[in-house]
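J.: need a structure here:
(2 chains)
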There are 2 protein chains.
Amino acid sequence: MKKIHIIGLGLLGGSFALALKKAKPEIKFTGYDSNSQNQEDAIALGIIEEAKEKPDMDTDVIVLATPANTLSELLVKTLDEIGPNTLVMDFGSTKEALCKSVADHPKREQYLAGHPIAGTEYSGPKAAQENLLDKKVFIICEMEKTNIHLKGMAYEILEALNMKLRFMDPEEHDRHLAFVSHLSHISSFMLGKTVLDKMEDEKNIFDMAGSGFASTVRLAKSSPAMWAPIMEENKKNILDAMSLYIASLSKFRDKIIADDYEGLANEMGKVNKIRDILDLGQ
Amino acid sequence: MKKIHIIGLGLLGGSFALALKKAKPEIKFTGYDSNSQNQEDAIALGIIEEAKEKPDMDTDVIVLATPANTLSELLVKTLDEIGPNTLVMDFGSTKEALCKSVADHPKREQYLAGHPIAGTEYSGPKAAQENLLDKKVFIICEMEKTNIHLKGMAYEILEALNMKLRFMDPEEHDRHLAFVSHLSHISSFMLGKTVLDKMEDEKNIFDMAGSGFASTVRLAKSSPAMWAPIMEENKKNILDAMSLYIASLSKFRDKIIADDYEGLANEMGKVNKIRDILDLGQ
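T.: Numbers count the residues shown, from 1 in each chain, chains lettered A, B, ... in the order given. Modelled structure (predicted):
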């Protein structure tokens, strides 16, 4: 493996290159970002050596790390243009529509559908961190559809990055992610909005906010340019998750209205078991 | 100041004693907890030297650090029994009903209504941390109602603990806290519930949860024995905050239904300004 080309030089694309460079210094990284400032930053930060829109024809792996709603078109176009020995991977947060968009593509077997479960509330190449992907989960969808020889390069990369592989189908992926990732971003954004709306007439409210509030609202710092597309791509599952969330909140509110504090304590006690589950997951 | 008595030997009462002991080793700490295991743990951990239900008559300061719905009765009883040179402080998360309950008490001036903005999702004396209160905000309500000489002891303690004082009236306190603390606990509990309910038929969902989910759901580990009483005491304000939160979520959902991704991005972009505000507050 000698050449990797990254399209989308943001938090994920940048962190990927920084980590892989350390593990495999022989690889040459090129890349492209529609934001020219990101390209300049990526070169200055050592993420890529050279910026170019078209990867060299002997590029081994092309990584697509752009917003979720741009990936289908970009993936089709990229597959159309590559030679027979190039693998294309993506890092998108949604998989169902993307996998469908190339289901009948003649070069489908040159694509590996991936999703690294890693991120921060910051974005852009300057937010990239060499250790962001270390020991994190990397989900692969429809792994049986990727050519076995090209897939070998992906495994080599993911092993070098010290990532834990998980396999599932795209529908399952999107349904799960709506609950464990997309919903928590929305709950955090709306918590931030509710408090900011209140603050317009109540000064200094944040002076009283403790570390608990900061933790719960952290994801409200996330990039709209990344998250609006995820909502577009995973609309159905996100609406399901939101409906259940709103229904749970409404029932909880009804218990407060009814002064059912024993019922509230029971309900919170049941949710406490998330402690064990999360601790296991770490 | 020679003797301090703490009623309620949990996270806050314990952290208070550990920190103050270090700053003022000459003070003797006694205490009481209705849970005898907590009392034993508090002695073993060096939080108090002696457990007793009734403080000595020459106790300088009595700290009430029990759940919010027990404080009114305990405060009245404690004021009834103390001599003229003892100050009573509380650490309760709600202040309006509590201050009203002693508004006409003949010893009202021996009480200081306080609320340290500090905590973790854990509870009990074993969760106590010597540095939990360091540099945190301590809110004092109705400070003008406390006797100036007794208040001097409270200031001496809070200065030794390195806490930042804020002053406000009890109604304002409860209204603000509903938004910046109580609501974020409820949003987190209900996020945890929604995902746990889903997990019943979907195995291993947490395997895909990243650090964002962990951060947003952290408060769902909190103690129901502490939080159900806060909902009872701050019912009106919490219902207001929940209604606004649910309305924001519903409007956001409507935008997803309408495929208004530009509107969603605009809305999230506005909430992003919480980044500057939170960073200022740290």
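J.: so for A:S248, what's the nearest residue that isn't a sequence neighbour?
T.: Closest residue to A:S248 apart from its sequence neighbours, by C-beta to C-beta, 6 or more residues apart in numbering or on different chains: B:M190 at 4.5 Å. All C-beta spots, glycine's among them, are computed from the backbone N, C-alpha and C.
J.: surely the one you found is within a helix?
T.: Yes. Applying DSSP: H, G, I helix; E, B strand; the rest coil, one finds B:M190 inside a helix.
J.: so it touches A:R253, yeah?
T.: No. B:M190 is not in contact with A:R253 according to C-beta atoms under 8 Å; the separation is 9.8 Å.
J.: who's more crowded, the two?
T.: Legend: neighbour count by other C-beta atoms under 10 Å in any protein chain shown for B:M190 and A:R253, higher for B:M190 (28 against 18).
J.: tell me the contacts of the more buried one?
T.: Going by C-beta atoms under 8 Å, 6 or more residues apart in numbering or on different chains, B:M190 touches A:Y245, A:S248, A:L249, A:F252.
J.: repeat that for A:I157.
T.: A:I157 sits next to A:M1, A:L20, A:V61 when contact means C-beta under 8 Å, 6+ apart.
J.: same check, this time on A:G83
T.: For A:G83, the contact set (C-beta under 8 Å, 6+ apart) comprises A:M57, A:D58.
J.: which SSE is it in?
T.: For A:G83, there is no host helix or strand (DSSP states H and E).
J.: for the strand or helix carrying A:H176, buried residues please.
T.: Using DSSP H and E, A:H176 falls within helix A:170-177. For helix A:170-177, burial by neighbour count (16 or more other C-beta atoms under 10 Å in any protein chain shown) applies to A:P170, A:E172, A:H173, A:D174, A:R175, A:H176, A:L177.
J.: now it: average pLDDT?
T.: Across helix A:170-177, pLDDT averages out at 95.
J.: then stretch A:139-157?
T.: Averaging pLDDT along stretch A:139-157 yields 97.
J.: and the helices in the stretch 51-200 of chain A?
T.: Applying DSSP state H, counting those that start in this stretch to the stretch 51-200 of chain A gives helices spanning A:71-81, A:96-101, A:148-160, A:170-177, A:183-199.
J.: turn those into CSV, columns for distance to B:T194.
T.: Compiled in CSV, these are given as follows (distance: least, C-beta to C-beta, whole Å):
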stretch, distance to B:T194
helix A:71-81, 27
helix A:96-101, 21
helix A:148-160, 31
helix A:170-177, 13
helix A:183-199, 7
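J.: deepest-packed of those, please.
T.: A comparison of these by mean neighbour count, using mean count of other C-beta atoms under 10 Å in any protein chain shown, puts helix A:183-199 on top with a mean of 25.
J.: give me the mean pLDDT for that one.
T.: Average pLDDT, helix A:183-199: 94.
J.: got the CA coordinates for that helix in PDB?
T.: Extracted as PDB, the C-alpha positions of helix A:183-199 are listed here (Å, rounded to 0.1, in the frame of the first residue of the first chain):
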ATOM      1  CA  LEU A 183     -31.100  11.100  19.100                       C
ATOM      2  CA  SER A 184     -28.500  12.200  21.700                       C
ATOM      3  CA  HIS A 185     -27.300  15.000  19.400                       C
ATOM      4  CA  ILE A 186     -30.900  16.200  19.000                       C
ATOM      5  CA  SER A 187     -31.700  16.000  22.700                       C
ATOM      6  CA  SER A 188     -28.600  18.000  23.400                       C
ATOM      7  CA  PHE A 189     -29.300  20.600  20.700                       C
ATOM      8  CA  MET A 190     -32.800  21.100  22.000                       C
ATOM      9  CA  LEU A 191     -31.700  21.300  25.600                       C
ATOM     10  CA  GLY A 192     -29.300  24.100  24.500                       C
ATOM     11  CA  LYS A 193     -32.000  25.800  22.600                       C
ATOM     12  CA  THR A 194     -34.500  25.700  25.500                       C
ATOM     13  CA  VAL A 195     -31.900  27.200  27.900                       C
ATOM     14  CA  LEU A 196     -30.700  29.800  25.400                       C
ATOM     15  CA  ASP A 197     -34.300  30.900  24.700                       C
ATOM     16  CA  LYS A 198     -34.900  31.300  28.400                       C
ATOM     17  CA  MET A 199     -31.700  33.200  28.800                       C
END
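J.: fine by me, we can end here.
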